[in-house]
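Q: here are the coordinates; sequence isn't available:
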């Protein structure tokens, strides 16, 4: 929103965060995970895809 409360339009994300659609809540969770796991991404990594891989592996581990 602008200072007067009017909308400014759609926000588009540039760089590595722009590869996969996500919400602000998801981005916060992903950043929290990366910080706690000391994971550092290179400029070409898709953070959402990496986080989804983590969740899939975690899910498979819990089934077993």
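A: Yep, that arrived. Predicted model only: the values in this text are computed from it and were never measured.

Q: do you know the pLDDT at residue 46?
A: Per-residue confidence (pLDDT) for residue 46: 91.

Q: give the contact list for it.
A: Contact partners of residue 46, counting by CB atoms under 8 Å, 6 or more residues apart in numbering, are 16, 19-20. Just so you know, the C-beta spots here come from the backbone N, C-alpha and C atoms, and that holds for glycine as well.

Q: list the contacts of residue 12.
A: Residue 12 neighbours (CB under 8 Å, 6+ apart): residue 18.

Q: output the contacting helices and strands for the lengthiest helix in the chain.
A: For the chain, the longest helix by residue count, based on DSSP state H, is helix 47-63. When contacts are defined as 3 or more CB pairs under 8 Å, 6 or more residues apart in numbering; DSSP states H and E, helix 47-63 sits against helix 24-37.

Q: tilt between the helix it packs on and helix 47-63?
A: Between helix 24-37 and helix 47-63, the angle comes out at 70 degrees (axes from the mean of the first three to the mean of the last three CA atoms, to 10 degrees).

Q: okay, now residue 24: neighbour count?
A: 8 (other CB atoms under 10 Å).

Q: per-residue pLDDT, it?
A: At residue 24, pLDDT is 89.

Q: where are the low-confidence patches of this structure?
A: Applying pLDDT under 70 to the chain flags the ranges 1-2, 64.

Q: circling back: tell me the one of the contacts of residue 46 nearest residue 38?
A: residue 16 (17.8 Å; CB to CB).

Q: the residue nearest the centre of the chain and residue 5, how far apart?
A: Central residue of the chain (CA atoms, centre = their mean): residue 27, 3.7 Å from the mean position. According to CB to CB, to the nearest Å, residue 27 and residue 5 sit 24 Å apart.
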